[in-house]
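got a predicted structure here, sequence first:
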Amino acid sequence: MHITTDRAFVPAGAPAVRYLHIVINAPGEKVVMARDVALEIAVDPGVEAVLINDLPFERQIDRLTAQLGNLVSDQEVSLVVAVAFKGTQEAGTALGVACRVMERDGVIPNHPMEVRWTAVDAAQDAKQPVNGDVILAAASVLAERARQVALAANAAGRFEAATRIIQDVLNDLQAFAQEDRRVLEIIDLLQRDAREFGEAM
């Protein structure tokens, strides 16, 4: 399992959302089947995790569990998780999540991997580096989900709803695009989709 996040810090004085890009691989040395694979994300108090991918998951107060099904050798699953910090924290406080893979036969290592964010003042939060690859992964998943839902609304003749679904996601993407050309291209495509899905196809 490989985990990256878009930022290392959260603002101490305000709620915030950070993104995780999680890649899970089944071992590739020989043909194996990892059965009933699940990703468990345990969260600290005041933190909430939401799976962005369109996969079944269960959420409890202190954890999220996503069901991934069976994986074969060298199969890769890419997941995006939004981590919400719902309150305010004191500067210097570290909060986060612990992720581990669970499956029936112990084929995939299940050692927990922690990701923690440090609360900092607004100035330090604003100037911190941003991992554009994680933002791109999140934007891609959000856009594709919106596209599929809007297409279904269009097919049902709900043209205004289809446009609204895409526009809501566009608002989110524009808020964290960071002038990244790759994300701006996704936004351009979605804007075209909004026009197309807003009328009979």
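Happy to help now that I have it. Treat the numbers as computed from the prediction; the structure is a model and nothing was measured.

and the helices in this protein?
Per DSSP state H, the chain carries helices over the ranges 122-127, 132-155, 159-176, 181-197.

deepest of the ones you listed, which one?
Comparing the helices of the chain by mean neighbour count (mean count of other CB atoms under 10 Å), helix 132-155 comes out on top with a mean of 19. (Glycine included, C-beta is placed from N, CA and C.)

quick one: residues in contact with that one.
4-6, 19-21, 52-54, 78, 80, 82, 159, 161-163, 165-166, 168-169, 172-173, 176-178, 180, 182-183, 186, 189-190, 193-194, 197-198, 200-201 (CB atoms under 8 Å, 6 or more residues apart in numbering).

any chance of the helices of the chain in a markdown table, with distance to G106 too?
Output for those, formatted as a markdown table (distance: least, CB to CB, whole Å):
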| stretch | distance to G106 |
| --- | --- |
| helix 122-127 | 40 |
| helix 132-155 | 28 |
| helix 159-176 | 38 |
| helix 181-197 | 38 |
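
list just the one of the ones you listed that sits closest to Q60.
helix 132-155 (22.7 Å; CB to CB).

what mean pLDDT does that closest one get?
Averaging pLDDT along helix 132-155 yields 93.

CA atoms only for it - export them in PDB, please.
Provided in PDB are the C-alpha atoms of helix 132-155 (Å, rounded to 0.1, in the frame of the first residue of the first chain):
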ATOM      1  CA  GLY A 132      -0.600  18.400  -7.400                       C
ATOM      2  CA  ASP A 133      -0.700  14.600  -8.300                       C
ATOM      3  CA  VAL A 134      -3.000  14.000  -5.300                       C
ATOM      4  CA  ILE A 135      -5.200  17.000  -6.300                       C
ATOM      5  CA  LEU A 136      -5.300  15.500  -9.900                       C
ATOM      6  CA  ALA A 137      -6.400  12.100  -8.600                       C
ATOM      7  CA  ALA A 138      -9.100  13.700  -6.500                       C
ATOM      8  CA  ALA A 139     -10.300  15.900  -9.300                       C
ATOM      9  CA  SER A 140     -10.400  12.900 -11.700                       C
ATOM     10  CA  VAL A 141     -12.500  10.800  -9.400                       C
ATOM     11  CA  LEU A 142     -14.900  13.600  -8.500                       C
ATOM     12  CA  ALA A 143     -15.400  14.500 -12.200                       C
ATOM     13  CA  GLU A 144     -16.000  11.000 -13.300                       C
ATOM     14  CA  ARG A 145     -18.600  10.400 -10.600                       C
ATOM     15  CA  ALA A 146     -20.400  13.600 -11.400                       C
ATOM     16  CA  ARG A 147     -20.300  12.700 -15.100                       C
ATOM     17  CA  GLN A 148     -21.900   9.300 -14.500                       C
ATOM     18  CA  VAL A 149     -24.600  10.700 -12.200                       C
ATOM     19  CA  ALA A 150     -25.400  13.500 -14.500                       C
ATOM     20  CA  LEU A 151     -25.600  11.100 -17.500                       C
ATOM     21  CA  ALA A 152     -28.200   9.000 -15.600                       C
ATOM     22  CA  ALA A 153     -30.200  12.200 -14.800                       C
ATOM     23  CA  ASN A 154     -30.100  13.200 -18.400                       C
ATOM     24  CA  ALA A 155     -31.300   9.800 -19.600                       C
END
